[in-house]
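Asker: I'll drop the sequence and a predicted model, then ask my questions.
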Amino acid sequence: MNAVQLTHGKPYCYAKLAKASAPRERLTVSQWADRHRWLSSKQSGERGRWKTARNPMLREIMDCFSAFSSVRDLTVMKSSQVGVTEAIVNALGYTIDRDPSPVMVFMPTIESRDTWKIQKLNPLLTETDQIRSILGGLRARDSANRQDAIDFPGGILFLSGGNSPNSYAQKSARRVIMDDLDRFAEEIGDEGDPVRLGAGRLKAFSRTLLAKISTPTIKGASLIEREWEASDQRRYHVPCPACQTSQVLTWSNVRWDQTLTRAWYECADCGHQIQEHHKPKMLERGQWIAEHPHIKRRGYHISAIYAPIGLGPTWLELAQEWVDAQGEPGLLKVFINTHLGEVWEDQTTALKPAELANRAADYEARTIPVGCLAITYGIDTQDEWLAVKMLGWGADHLWILDYHEIHGDTTRQEVWDDLEAYLHAWPINAFGKTIRPRGALIDSRGHRSEQVRQFVSRTTLRIPVFYGQGATNRMNRPIAANASSIDKNSRGRVVRGGFGVWNVGTEYCKDFILGRLASDAKHAQADRYIQFPQGLTDDYYNGILSEVKDPKKNRYVQKRGAKWKRNEPLDTFVYAWAVGHHREINLGRTRTGKIDPNYWTRLEAILEPDGEVVHVPAGQAPQPEPYQPVSPQPAQQQQEPPRDPFAPISFARD
């Protein structure tokens, strides 16, 4: 057979035809990446061909995106810089080449999307030959290469910022990837939960995949934690090089010497000192094992303890950061979130609503337990209701005396008339003494500011009611700072009789309240500082615990989930406690603000005289006349109870 026959004869034609008609090779994402993906120096510290063997934990995660994968819901809760973002880029390259279809990638904001596209996605499009050939040498100015979309044969890649409702509208995809999920807004405009909105983009397709990826943040406020807890919770098990026991690597088993010159991992089974150089072989032989294999939703957890040598921090570097973070909650949170891939939880975030409900003491709402010697109110305003907290004060306790909601359109006067009637329904204690409330603080920010101002200006009010707002920008805000924005005339002079907005140090107040609730868990019922009455609802206890502190931001943030939406029980507690520190009230203090060691003793002698208990059973106050929501009578037609000597002299509302 001559050269012509070899080149143009039947064998040659048959070979070409067989190759063209042969089924396309079945590849997983990891196999495709090993064969085609090229890493740029823009995106990786190791430029060159991608090697899944360098980080074998990523193999199974990547393969969830393969064309023949049965995975429909994927969650990855991870530490930072462990290669998951590059694994997602591999999955996008695979989709463009092997499984073309519409894909959506959501980042928290438009700005973060643009940064991700420049550093992570563009190198795939321009430096991986297989993708560059498909896109025809896509350039930055090409119409198919926009910031919000990449057009390719058989599909399109939408790139969106997850903070905009428009990003979710009028787009459909077979795969939706939500990266850095915990930085997404809790609610997307008026549309709702971002994960549900992302899942809604999949409805037009079958065999879909919703992928959620993020470093976690705070327990209760973390979206990725919520998704992880609903998954089968897979962790990477690696064998000990000595005893071969398969185990999950945990921070509690990382050890280091006192001089921080060496660190090692102690086997949980045999105690063998595993050195860093053992890690590659351990990772190669590792496997993902689901804690809840019956659940179909896939979930993976990765921490920096597993980081391959050269691709993440060493155990010694982690140990140094851990030691440096001791005593610094902000640094500890960063370590736990970004290195361990776990949610931050302190003693306050560990509180549970059911546990608080079990602390309810043996008294009913709107009764005055023995030892309760003063009352304040905290009021929160909403469009359709007012929430009111009645707080009792004593030498050793705070009592929740009542939590009441007045429903109705808060632009209408009758709702505010009902509030005035409620504030004037003064209770009687166990000794037959009327307890005259010391004052109230009402929130003016966000809802019905003008109606609040009109209410606190009423001349019929028989207790001081202060116009206030939460000052959340500083942790060191005073509990109840002097009023700001004092009324001034056109010449800039203070208006006599005018009033200002009292700024409440809400972060400090929440620290105190939630800290006390946490410490009360260690005490017997009678010794707990904060006491709850019988009959409060689950919604109330959920509301008390609706926020958690973010030590990095140094402020409180709302927990995720429907049951935490109503935070009025916490806000009204803050206002009721803060007003007790107002300079016109100063409960437990002298008029100059100094602690008065005899304050409660003197007040007890007036309101709880020895031998004058007028009720049975002991420890329970008689029920006062029930509060009726009716418009109050003018103050001069109501009989004033005897004034106690500790009441504030001035009723000024500033």
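Answerer: Done, it's in. The model shown is predicted, which means the values in this text are computed figures rather than measured ones. Numbers count the residues shown, from 1 in each chain.

Asker: am I right that Ile400 sits in a strand?
Answerer: Yes. Ile400: assigned to a strand according to DSSP: H, G, I helix; E, B strand; the rest coil.

Asker: for stretch 173-188, measure first residue to last.
Answerer: Using Cα to Cα, to the nearest Å, the end-to-end distance of stretch 173-188 comes to 19 Å.

Asker: distance from it to the middle of the chain?
Answerer: Relative to the centre of its chain, stretch 173-188 is centred 15 Å away, using Cα atoms, centre = their mean, to the nearest Å.

Asker: what's the answer for stretch 436-443, then?
Answerer: With Cα atoms, centre = their mean, you get 31 Å for stretch 436-443.

Asker: just stretch 415-423 next, same as before
Answerer: 35 Å.

Asker: cool, stretch 170-178 as well?
Answerer: With Cα atoms, centre = their mean, you get 25 Å for stretch 170-178.

Asker: likewise stretch 452-464?
Answerer: 37 Å.

Asker: ok, now stretch 282-299?
Answerer: Using Cα atoms, centre = their mean, the offset of stretch 282-299 from its chain centre is 27 Å.

Asker: residues contacting it, please?
Answerer: 53, 55-57, 60, 64, 71-77, 227-228, 230-241, 246, 274, 300, 306, 308 (Cβ atoms under 8 Å, 6 or more residues apart in numbering). The way it works is simple: take the backbone N, C-alpha and C, and place the C-beta from them, glycine included.

Asker: how about stretch 87-96?
Answerer: Residues contacting stretch 87-96 (Cβ under 8 Å, 6+ apart): 27, 29-30, 32-33, 36-37, 43, 50, 58, 61-62, 65-66, 101, 103, 105, 120-121, 124, 128, 130-131, 134-135, 152, 155, 157, 175, 177, 179, 211, 213.

Asker: in ChimeraX, select just the buried ones from the contacts of stretch 282-299.
Answerer: Of those, the buried ones go into a single ChimeraX selection, burial set by 16 or more other Cβ atoms under 10 Å:
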select :55,56,57,60,64,71,73,74,75,76,77,227,228,231,232,233,234,235,236,237,238,239,240,241,274,300,306,308
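
Asker: distance between the ends of stretch 187-202?
Answerer: Start-to-end, stretch 187-202 (Cα to Cα) is 20 Å.

Asker: so which bits of that stretch are buried?
Answerer: Applying 16+ other Cβ under 10 Å to stretch 187-202 flags Ile188, Asp193, Pro194, Val195, Leu197, Gly198, Ala199, Arg201, Leu202 as buried.

Asker: please apply the same query to stretch 530-539.
Answerer: Residues of stretch 530-539 classed as buried by neighbour count (16+ other Cβ under 10 Å): Ile530, Gln531, Phe532, Pro533, Leu536, Asp539.

Asker: repeat for stretch 346-362
Answerer: The neighbour-count check on stretch 346-362 (16+ other Cβ under 10 Å) flags Asp346, Thr348, Thr349, Leu351, Pro353, Leu356, Arg359, Ala360, Ala361 as buried.

Asker: ok, the residue nearest to the fifth one when sequence neighbours are not counted - contacts?
Answerer: Which is Pro353. Using Cβ to Cβ, 6 or more residues apart in numbering and skipping the chain neighbours, the partner closest in space to Pro353 is Tyr541 (3.8 Å). Residues in contact with Tyr541, defined by Cβ under 8 Å, 6+ apart, are Pro353, Ala354, Leu356, Ala357, Pro569.

Asker: hmm, 10 Å instead?
Answerer: Residues near Tyr541 by Cβ atoms under 10 Å, 6 or more residues apart in numbering: 351-360, 532, 563, 569.

Asker: and it, that one's in a helix?
Answerer: Yes. Assignment of Tyr541 by three-state DSSP places it within a helix.

Asker: I'd like the distance between it and Arg566.
Answerer: 11 Å (Cβ to Cβ, to the nearest Å).

Asker: per-residue pLDDT, Pro629?
Answerer: Looking at Pro629, its pLDDT reads 49.

Asker: how about the one 5 residues further on?
Answerer: Turning to Pro634, the model gives it a pLDDT of 37.

Asker: cool, thanks, signing off.
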